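Q: After the sequence you'll find the predicted model.
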Amino acid sequence: MEGLRDETGIFAISGSLQAAQLTVLGLRGLQHRGARGAGIAASDGHMIRAVQGHGRAEDIFSGRDLSVLRAASALGQVWGGGERADEAEVEAQVVANYPFVGRWKDGQIAVAMVGRFANGVTLRRELTASGALFSTLSDGELLLHLMARSGQQTMVNRLVDALWKVEGAFSVVLMTEDLVVAVRDPRGFRSLWAGQIGSAVGVATEDTALRLVGASELRELQPGEMLILDASGPTVVRPLKRRAISRCTMEATALAAHEATVFGKPVYPLRVKLGERLAAEAPVRADVVLGLPGSSLPAALGFSRISGVPFHAGIERTPWSDPLAPVPSGDAELVWRTVPAVVKGKRVVLVLSTLGDGQDVRRIVQLLRSTGATEVHLRVTQPALVAKCPYGVSSPTREELIAGPGTSAEGLADVLSAESVLCLERDALRPLLGGSDGPGFCEGCLGGAWPVAVETLDDQLGLFDAE
Ligand code: SF4
């Protein structure tokens, strides 16, 4: 995932006395989306307790006596974040502290959330002007403020009332002492799945996490659907205004795990097809096709299949590098190693799923050359990122991105010191993405239209960029 700095993932369960333990396991199944921190909140029916920390879920929660979190329901979140110290600090305020736990007149409430409100800056300003105090930049905190001020009587109605005021990308799970509610935004930016875990019901950003805890009868919530889990069992309602669908392209192409199903389609065959189309659109004379471990590999296989150029495992991560950690700025050899028997004296095609700030790619191209590659051609299964995502995916700033509107393929090849760089265009990508419930994908960061106007875009992005 060159240039993407990961995302977040949420997991929740209602109706199991192992809720806290299963949530930790579910979070481990989401850590490819972010491994900088994790937290869980659990309710025993009377009280919500929370545990949060930095690092991987297994490190945060191992050695802890989770029986103190004896619970019938629980929710949790993993998060990633930026690499620069200032960015990491700001993003920590945006995504850390999840699950966000608050107390109000009716008791306790916890919220976990994937995404970002496009009108969050305006709402926050309005609330602070009327006396609200915020301790973080988290939209979860903003949501709780909106709920607390709602004139509705029930918790579910307060949540619906609050969600009518927000715009943007959000998958939210909310928990009180005796209730769990999950909702996917009406535009369907990100996936949200539900499944049966014995007599309990689980919810997760990816179906993979639910499978990890043994869930069955998996079902992807439709855009705008809300799943209510209480003593009377599960109820599905659709209380939000219908909107034009705008699924996150990046989820399908790069963020979700290979084994996931996103927007009604399994990710792996989609990525193979992207590679096949790329080979047809941007052929090159070469001796070997390589793919970076991760979302690029199926695309590299597809590229090889159509081009007839053999695929080899010629580049892999060093055993001592952490696949969940951001690639540090240092020697590429500390993170990647190349196989001389595959690369030396060869014209190499390296297939990528994303092209962001180009830092990793530039180092990998140099590494391939130092291993003896005679030519290095880059093929990317979607356009290079030209803008930072304002809807919750942590990505490079406009200044850091290697491409901008109008950057030529030759310009990219120059900057990356490659013989050629070609990316699959949006027009070619779009029909392959499809979607079980019709067309409609967000392409904002890829140079397409922004599906939701981000009010005061610069301010909103500034929240990520350290004002
Ligand atoms: S801007 Fe890019 S990363 Fe953000 S939601 Fe749209 S497609 Fe996804």
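A: Arrived safely.
Q: Tell me the strands beside the biggest strand by length in the chain, with direction?
A: When the chain is parsed with DSSP state E, its longest strand is strand 107-117. Using DSSP bridges, strand 107-117 pairs in its sheet with strand 100-104 (antiparallel), strand 168-176 (antiparallel).
Q: Just name the most buried of those strands.
A: Using mean count of other C-beta atoms under 10 Å, the stretch among the strands paired with strand 107-117 with the greatest mean number of neighbours is strand 168-176 (a mean of 26). C-beta: built from backbone N, CA, C; applies to glycine.
Q: Now that strand - C-alpha only, PDB.
A: Extracted as PDB, the C-alpha positions of strand 168-176 are listed here (Å, rounded to 0.1, in the frame of the first residue of the first chain):
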ATOM      1  CA  GLY A 168     -19.300  12.200   5.100                       C
ATOM      2  CA  ALA A 169     -17.900   8.700   5.600                       C
ATOM      3  CA  PHE A 170     -18.800   6.900   8.800                       C
ATOM      4  CA  SER A 171     -19.300   3.300  10.000                       C
ATOM      5  CA  VAL A 172     -20.200   3.700  13.700                       C
ATOM      6  CA  VAL A 173     -20.700   1.300  16.500                       C
ATOM      7  CA  LEU A 174     -22.200   2.600  19.700                       C
ATOM      8  CA  MET A 175     -22.700   0.800  23.000                       C
ATOM      9  CA  THR A 176     -24.500   1.700  26.200                       C
END
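Q: Mind checking what helix or strand follows that strand in sequence?
A: Counting by DSSP states H and E, the next helix or strand C-terminal to strand 168-176 is strand 179-184.
Q: okay, the angle between that following strand and strand 168-176?
A: 170 degrees (axes from the mean of the first three to the mean of the last three C-alpha atoms, to 10 degrees).
Q: what's the domain layout of the chain?
A: 8-246, 266-434 (automatic domain parsing).
Q: Tell me which residues of the longest strand of the chain come out buried.
A: 108, 109, 110, 111, 112, 113, 114, 115, 116, 117 (16 or more other C-beta atoms under 10 Å).
Q: The fifth one is in contact with residue 77, isn't it?
A: Yes. Residue 112 is within contact range of residue 77, at 4.1 Å (criterion: C-beta atoms under 8 Å).
Q: Common neighbours of these two, please.
A: Shared contacts of residue 112 and residue 77 (C-beta atoms under 8 Å, 6 or more residues apart in numbering): 10, 98, 99.
Q: can you put those in JSON lines and add pLDDT and secondary structure?
A: Converted to JSON lines, those look like this (pLDDT from 0 to 100; DSSP: H, G, I helix; E, B strand; the rest coil):
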{"residue": "10", "pLDDT": "96", "secondary structure": "strand"}
{"residue": "98", "pLDDT": "78", "secondary structure": "coil"}
{"residue": "99", "pLDDT": "89", "secondary structure": "coil"}
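Q: count of residues packed around residue 125?
A: Residue 125 has 12 neighbours, counted by other C-beta atoms under 10 Å.
Q: Quick check: mean pLDDT of the longest strand of the chain?
A: Averaged across strand 107-117, pLDDT comes to 94.
Q: so after it, what's the next helix or strand?
A: Next along from strand 107-117, by DSSP H and E: helix 120-129.
Q: Just list what that next one packs against, helices and strands only.
A: Under the contact criterion of 3 or more C-beta pairs under 8 Å, 6 or more residues apart in numbering; DSSP states H and E, helix 120-129 touches helix 139-148, helix 457-465.
Q: Return the set of buried residues in it.
A: Within helix 120-129, the residues that count as buried by 16+ other C-beta under 10 Å are 120, 121, 123, 124, 127.
Q: Residue 141 is in contact with the fourth one, correct?
A: Think residue 124. No. Look at residue 124 against residue 141 with C-beta under 8 Å: they stay out of range, at 9.2 Å.
Q: Now for those two: what residues contact both?
A: What both residue 124 and residue 141 touch, as defined by C-beta under 8 Å, 6+ apart, is the set residue 134.
Q: wait, what's in contact with residue 343?
A: 288, 290, 314, 315, 368, 371, 372, 373.
Q: could you say what helices and strands the regular element (helix or strand) spanning the second one packs with?
A: In this assignment (DSSP H and E), residue 290 forms part of strand 288-291. Packed against strand 288-291 by the contact rule (3+ C-beta pairs under 8 Å, 6+ apart) you find helix 296-307, helix 340-343, strand 347-352.
Q: report the angle between the axes of the first one and strand 347-352?
A: Just to be clear, that refers to helix 296-307. Using the same axes, to 10 degrees, helix 296-307 lies at 130 degrees relative to strand 347-352.
Q: got the buried residues for helix 296-307?
A: Applying 16+ other C-beta under 10 Å to helix 296-307 flags 296, 297, 298, 299, 300, 301, 302, 303, 304, 306, 307 as buried.
Q: I'd say the third one and residue 275 touch.
A: So the one you mean is residue 298. Yes. Between residue 298 and residue 275 there is a contact at 6.6 Å, judged by C-beta under 8 Å.
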